[in-house]
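> next comes the sequence, and after it the predicted model I'd like to discuss.
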Amino acid sequence: MRMDDMILVSVDDHMIEPPDMYKSHVPAKWRDQAPRVVRNDRGVDEWVFQGERASTPFGMAATVGWPPEEWGFNPGAYTELRPGCFDVHERVKDMNANGVLASMCFPTMAGWNARTFAESHDKDLALVMLEAYNDWAIDEWCAAYPGRFIPLSLVPMWDVALAAGEVRRVGKKGCRAISFLETPHVQGYPSFLSGYWDPMLQALCDEDMVLCLHIGAGFDVINRPPEAPVDHLMVLACQISAITAQDLLFGPTLRRFPDLRVALSEGGIGWVPFYFDRIDRHYSNQAWLHHDEDFAGRLPSEVFRDHILACFITDPSGLMLRDRIGIDIIAWECDYPHTDTTWPESPEFSWDEFQQAGCTDEEVNKITSENACRFFGWDPFEYTPKDQATVGALRALATDVDTTRMPRQQWRKRNEAAGIGVFQ
């Protein structure tokens, strides 16, 4: 196998939603109450819903195409962004340039778990807009290029019955996963151990969909010093995935739902072998806790492998220990357009790590696409023949795509001149 022979399916990317996204998906009687983008007195674009500014910046961490010294969490305007952030046609061009066949895109304006809607005071209106959001994501963004995007949706986390209903609704539309809180109790909701979420989890099993728990919302589970820099959030984020795994494994969730599948989105993999050592030793050593029935005589690490997909962007140590993790539960991510992304050199980054770890061709195929497609029930070749799905074949379609980095003000000047990112 050569690098150009790889088939890349990314199970974690993000979209910066365009301001006109609600135009075709909100019933006419509510259209004037849909979330909208306004430019504040500092010249910064912001989403506003029910009179309140969304707590998630419109373009959080969307710095792809900028020089690293300008990276940060808050681009000021759509015109400062690489167009692939918010334009699905440009996104597919950028995917081709990076040799990526398919992508699962997480929200931004709504928060990775519908935070914007959950924080609003009129929950009936919020539900209308959440449904419109999901319809846009499935029927417009994903449907624009069949086979290139794995549909993912949000649920109204403020009401478990509504959440279960939305799972069933979007499942009928072909959605493959939902994005949800990794540590619900931190945000004031019942924990996974409580049993409260069971109707939603049952709906996921019935619809054969995946529960994606993306890092980020659970940061407050770590009591950081008030002086802690942003580095603490960025470096320690993966540790929250371990806490999430603990809630799932040592609570009733996985016993009640033997068919439940959970992706630890952007959670990394390097921590998993240590965690396995710890939980398996704990299980066998602490007999007084009587976990035999909980795990049906199996090791906790084995139950983890039955249910959970461990996802990474770049993780040399984790790949070295892939046999301890389980080669069938590892999946690759690109994280476009965030600061952690390896775009436009994801094949080079990944191939180098695979070579350093001594991965076989079979292992590379599993990590880059096969595991993800099996886990999410996604046929990568339904629309794209296998020989046209490789890194080399896709990059051959993108020889005209300029991947040069430019300062944000240069992006603004160029985009404004071309009318790109300028919304009326």
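Perfect, thanks for sending it.
> helices along the stretch 201-350 of the chain, start to end?
All helices of the stretch 201-350 of the chain, identified by DSSP state H, counting those that start in this stretch, fall at 230-249, 253-256, 272-285, 300-307, 316-320, 322-325, 346-357.
> can I get these in TSV with mean neighbour count and mean pLDDT?
Where you see a C-beta, it was placed from the backbone N, CA and C, and this is true even at glycine. Shown next, in TSV, are those (neighbours: other Cβ atoms under 10 Å; pLDDT from 0 to 100):
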stretch	mean neighbour count	mean pLDDT
helix 230-249	17	92
helix 253-256	18	96
helix 272-285	16	98
helix 300-307	19	98
helix 316-320	17	98
helix 322-325	17	98
helix 346-357	18	99
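> can you redo these as TSV with distance to E69?
Output for the helices of the stretch 201-350 of the chain, formatted as TSV (distance: least, Cβ to Cβ, whole Å):
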stretch	distance to E69
helix 230-249	15
helix 253-256	44
helix 272-285	33
helix 300-307	40
helix 316-320	25
helix 322-325	34
helix 346-357	20
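> residues in contact with S284?
Neighbour list for S284: L299 [criterion: Cβ atoms under 8 Å, 6 or more residues apart in numbering].
> check contacts around the residue nearest to C175 when sequence neighbours are not counted.
Leaving aside its chain neighbours, C175 sits nearest to P151 (4.4 Å; criterion: Cβ to Cβ, 6 or more residues apart in numbering). Counting by Cβ under 8 Å, 6+ apart, P151 touches A137, I138, C142, V170, K173, G174, C175, R176, A177.
> from I367, how far off is G270?
Separation of G270 from I367 (Cβ to Cβ, to the nearest Å): 14 Å.
> now swap in L130 and tell me
33 Å.
> now swap in M209 and tell me
As judged by Cβ to Cβ, M209 and I367 stand 22 Å apart.
> low-confidence ranges in the stretch 301-424 of the chain?
Within the stretch 301-424 of the chain, the stretches with pLDDT under 70 are 424.
> Q409 is in contact with W66, correct?
No - W66 is beyond contact range of Q409, at 10.2 Å (criterion: Cβ atoms under 8 Å).
> comparing these two, which shows the higher neighbour count?
Just comparing W66 and Q409: by other Cβ atoms under 10 Å the higher neighbour count belongs to W66, 22 against 12.
> find the nearest non-adjacent residue to that one, please.
R408 (5.6 Å).
> what is the neighbour count of that neighbour?
For R408, using other Cβ under 10 Å, the count is 20.
> again with D32
For D32, the tally of surrounding residues (other Cβ under 10 Å) stands at 8.
> from K23, how far out is it?
D32 is 12 Å from K23, by Cβ to Cβ.
> one more: Q410?
Noted for Q410: a distance of 30 Å to K23, by Cβ to Cβ.
> most remote residue from the middle of this protein, which is it?
W288 (38.8 Å; Cα atoms, centre = their mean).
> what about the strands in the stretch 51-200 of the chain?
For the stretch 51-200 of the chain, applying DSSP state E, counting those that start in this stretch gives strands covering 52-53, 100-106, 152-153, 177-180.
> chain center to the second one, what's the gap?
The gap between the average C-alpha position of strand 100-106 and the chain average comes to 9 Å, counting by Cα atoms, centre = their mean, to the nearest Å.
> OK, contacts around the residue farthest from the centre of the chain?
So W288 contacts nothing (Cβ under 8 Å, 6+ apart).
> follow-up on the earlier one: tell me who's in contact with the residue nearest to W66.
Counting by Cβ under 8 Å, 6+ apart, R408 has contacts W66, E70, P75, G76, E80.
> so the second one touches E80, yeah?
What that stands for is E70. No - E70 is beyond contact range of E80, at 9.7 Å (criterion: Cβ under 8 Å).
> between those two, who's got more neighbours?
Set E70 next to E80 and count neighbours by other Cβ under 10 Å: E80 wins out with 25 against 15.
> ok, the more buried one to W343 distance?
E80 is 17 Å from W343, by Cβ to Cβ.
> give the buried residues for the host helix or strand of V37.
Assigning secondary structure by DSSP states H and E places V37 in strand 36-39. Residues of strand 36-39 classed as buried: V37 (neighbour count, 16 or more other Cβ atoms under 10 Å).
> so what strands line up beside that strand?
With DSSP bridges as the test, strand 36-39 is paired with strand 45-49 (antiparallel).
> which residues are in contact with the strand it pairs with?
Here strand 45-49 makes contact (Cβ under 8 Å, 6+ apart) with 19, 34-40, 53-54, 56-59, 76-78, 109, 116-117, 120, 126, 129.
> and if you look at stretch 55-71?
For stretch 55-71, the external contacting residues (Cβ under 8 Å, 6+ apart) are 14, 16, 37, 45-47, 72-75, 78, 80-82, 84-85, 94, 108-111, 115-116, 119, 336-339, 341, 343, 403, 405-408, 411.
> re the thing from before, which one of the helices of the stretch 201-350 of the chain lies closest to G216?
Distance to G216, taken as Cβ to Cβ, is lowest for helix 230-249 among the helices of the stretch 201-350 of the chain, at 6.9 Å.
> what's the angle between the closest one and helix 272-285?
In terms of direction (axes from the mean of the first three to the mean of the last three Cα atoms, to 10 degrees), helix 230-249 departs from helix 272-285 by 40 degrees.
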